[in-house]
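Okay, predicted coordinates and the sequence, questions at the end:
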Amino acid sequence: MIADGARRHFAAAFGGEPTLVASAAGRVNLIGEHVDYSGGEALPIAIQRRTAVAVRLRSGAKVTRINSGGTGGVLTIDHARLARRGKWTDYPSGVLDQLVGAGIEVPGLEVAVASDIPSGSGLSSSAALEVAFGFAVRSVLQVPLDAVLLALECQRAERQFVGVPCGAMDQLTAACGRRGHALHLQFGPIQVRAVPFAEQVLVVDTAVPRGLRTSAYTERVQECAVALAAVRQLAPDMPHLAAAMLEQIDRAEMPDVSRLRARHVIAECQRVRDAAAALSAGERFPGHLALASHQSLRDDYECSSRELDWVVEFAMRTPGIAGARLTGAGWGGCAVVFGDAGALAALEEALPGAYAKAIGHRPRAWLVTADDGARLE
Ligand code: ADP
Ligand code: MG
């Protein structure tokens, strides 16, 4: 178990036992992509891949001594001089910055991290690290926080400190996930509702290096901001882009590219509501909505890739597969596939070899089900 890994790294780095271990989950989004920062809706699940954080208070200087994965030595974060360093410690530093900003006295800490979430693949290892760290530190300081507020605190850490203009989906799922359920999330204002989801899904990581993902993401955020500003010329009180009607998007004066992005946002939110309604009624996940989502992300949001399109097309040729789509930000990263358990197992078997032949390198694939979010171990 990953919590045991954190305890082992802790003993190796600091000696003895941590006071407590907390963990948070990676996630895949079933549907509702690139809508969180536009005030839309999404339907993610927390998965069995997790990040665990072991923590113990230490006397003396107000610094956090921290190790991740048992390698790379012990790094020091000075609470009085929190600054972005361009390293992984920016994520815990950002959370410490939030705690200090909330007026919480943070004494010296010893921290060890262990994770089996592949980082940079779109399963949201960054949010799992923030939420597990925030939950562990708040627990050891006995200043607990409701899971939704903890997630929003971690989102602010990533936005303000790390400098990624992310929405709240990743942190909300890492914190609030529930076994056997998907989370119907609404982002403006925040609402979290669990809906039953007992299916397996197949996650395929295209294993494509990051490239331009971060800059392209920031560009999409800006294109949506332009669309919202244009809609507000017609409707000054529009709270966010996802609240607009298609007809307002069509009527407002904006660059073609912003109109395409906005059309995706509006249509995608409707698909999320339809999928959540189906799950609430005890139905299986509607595969056709996943396919429609992929097409919209490919054509209107322009965030797919040759590899993601290949995975979706290959999956759809397998009998018993109901639907497939890119998940996460896109431009590489992961796809998610829906269907009968037997069909998913057959695809898990057949896809890697065929992908390697067509694309030139091997992908990774995991069968996952919905799991719990943040918890004490
Ligand atoms: P994603 O969240 O999709 O995995 P990001 O680029 O947002 O990708 O976050 C990945 C980064 O988060 C890593 O490069 C690293 O800096 C940090 N990170 C995530 N998990 C860990 C971990 N267990 N230990 C150290 N750093 C981590
Ligand atoms: Mg991330």
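Alright, I've got the coordinates. Ligands and ions are numbered 1, 2, ... in the order given.

and the stretch 1-150 of the chain, which residues reach ligand 1?
51, 68-69, 88, 91, 113, 115, 119-126, 129 (CB under 6 Å from any ligand atom). Yep, even glycine has a C-beta here, placed from its N, CA and C like the rest.

Report the buried members of the residues you listed.
The neighbour-count test (16 or more other CB atoms under 10 Å) applied to these identifies 51, 68, 88, 91, 113, 115, 121-126, 129 as buried.

pLDDT score assigned to the residue in the stretch 251-377 of the chain that ligand 1 sits nearest to?
Proximity of the stretch 251-377 of the chain to ligand 1 (CB to the nearest ligand atom) peaks at residue 328, 6.5 Å away. pLDDT, residue 328: 90.

sec struct for the closest residue to residue 279 other than its chain neighbours, please.
Spatial nearest neighbour of residue 279, excluding adjacent residues (CB to CB, 6 or more residues apart in numbering): residue 195 at 4.4 Å. Under DSSP: H, G, I helix; E, B strand; the rest coil, residue 195 falls in the strand class.

What number of residues are in the vicinity of residue 195?
Residues lying near residue 195 (other CB atoms under 10 Å) number 19.

Quick check, the residue of the stretch 251-377 of the chain closest to ligand 1 in contact with residue 29.
Yes - distance between residue 328 and residue 29: 6.8 Å, which falls inside the contact criterion (CB atoms under 8 Å).

quick one, which of those two is more surrounded?
Neighbours around residue 328 and residue 29, counted as other CB under 10 Å, are more numerous at residue 29. The numbers are 30 against 27.

for that one, what are its contacts?
42, 43, 44, 169, 173, 327, 328, 336 (CB atoms under 8 Å, 6 or more residues apart in numbering).

contact partners of the helix or strand where the last one lies?
Spelled out, it's residue 336. Following DSSP states H and E, one finds residue 336 within strand 334-339. By CB under 8 Å, 6+ apart, the residues outside strand 334-339 that reach it are 28-30, 121-123, 199, 201-206, 284-285, 287, 290, 308, 311-312, 315, 318, 320-328, 344, 347.

Could you check the pLDDT of the residue of the chain most remote from its centre?
Here the centre of the chain is the reference, and by CA atoms, centre = their mean the most remote residue is residue 60, at 35.9 Å. Predicted confidence (pLDDT) for residue 60: 93.

which residues sit in contact with the residue nearest to it when sequence neighbours are not counted?
Of all residues not flanking residue 60 in the chain, residue 108 sits nearest, at 5.4 Å (CB to CB, 6+ apart). Listed by CB under 8 Å, 6+ apart, the contact partners of residue 108 are 57, 58, 59, 60, 61, 62, 63, 64, 65.

Do I have it right that the second one meets residue 111?
No - in terms of CB under 8 Å, residue 58 does not count as a neighbour of residue 111; the distance is 9.9 Å.

what's the burial count for the nearest residue to residue 309 once chain neighbours are set aside?
Excluding the flanking residues, the one nearest residue 309 by CB to CB, 6+ apart is residue 298, at 6.5 Å. Using other CB under 10 Å, residue 298 has 19 neighbouring residues.

Quick check: residue 298 is in a strand.
No - counting by three-state DSSP, residue 298 is not found in a strand; it is helix.

Provide a list of residues in contact with it.
By CB under 8 Å, 6+ apart, the residues touching residue 298 are 304, 308, 309, 326.

Just the element for the second one, please.
I take that to be residue 308. Residue-wise, residue 308 maps onto helix 306-316 under DSSP H and E.

by contact count, what packs against that helix?
Judged by 3 or more CB pairs under 8 Å, 6 or more residues apart in numbering; DSSP states H and E, the packing partners of helix 306-316 are strand 201-205, helix 287-299, strand 321-327, strand 334-339, helix 341-359.

Going by neighbour count, which residues of the longest one are buried?
Residues of helix 341-359 classed as buried by neighbour count (16+ other CB under 10 Å): 343, 344, 346, 347, 348, 351, 355, 359.

Is residue 259 located within a helix, as I assumed?
Yes - with three-state DSSP as the criterion, residue 259 is located in a helix.

Measure how buried it is and give me the count.
19.

Skip the chain neighbours and tell me the closest residue to it.
Distance criterion CB to CB, 6+ apart; nearest residue to residue 259, sequence neighbours excluded, is residue 249 at 6.1 Å.

May I ask which helix or strand encompasses that neighbour?
For residue 249, the element it lies in under DSSP H and E is helix 246-251.

contact partners of that helix?
The contact list for helix 246-251, computed with CB under 8 Å, 6+ apart, reads 227, 231, 234, 235, 238, 259, 262, 263, 266, 267.

Likewise for stretch 192-201?
Contacts with stretch 192-201, where a contact means CB under 8 Å, 6+ apart, come from 28, 30, 43, 45, 148, 172, 176, 178, 180-185, 276, 279-280, 282, 284-285, 336-338, 341, 344, 367-370.

could you say what helices and strands the longest strand seen in the chain packs with?
With secondary structure taken from DSSP state E, the chain has its longest strand at strand 44-58. The helices and strands touching strand 44-58, judged by 3+ CB pairs under 8 Å, 6+ apart, are helix 2-14, strand 20-29, strand 108-115, helix 125-140, helix 169-176, strand 181-187, strand 364-368.

what comes up buried for it?
44-56, 58.

same deal with stretch 14-29?
Applying 16+ other CB under 10 Å to stretch 14-29 flags 14, 18, 21, 22, 23, 24, 25, 26, 27, 28, 29 as buried.
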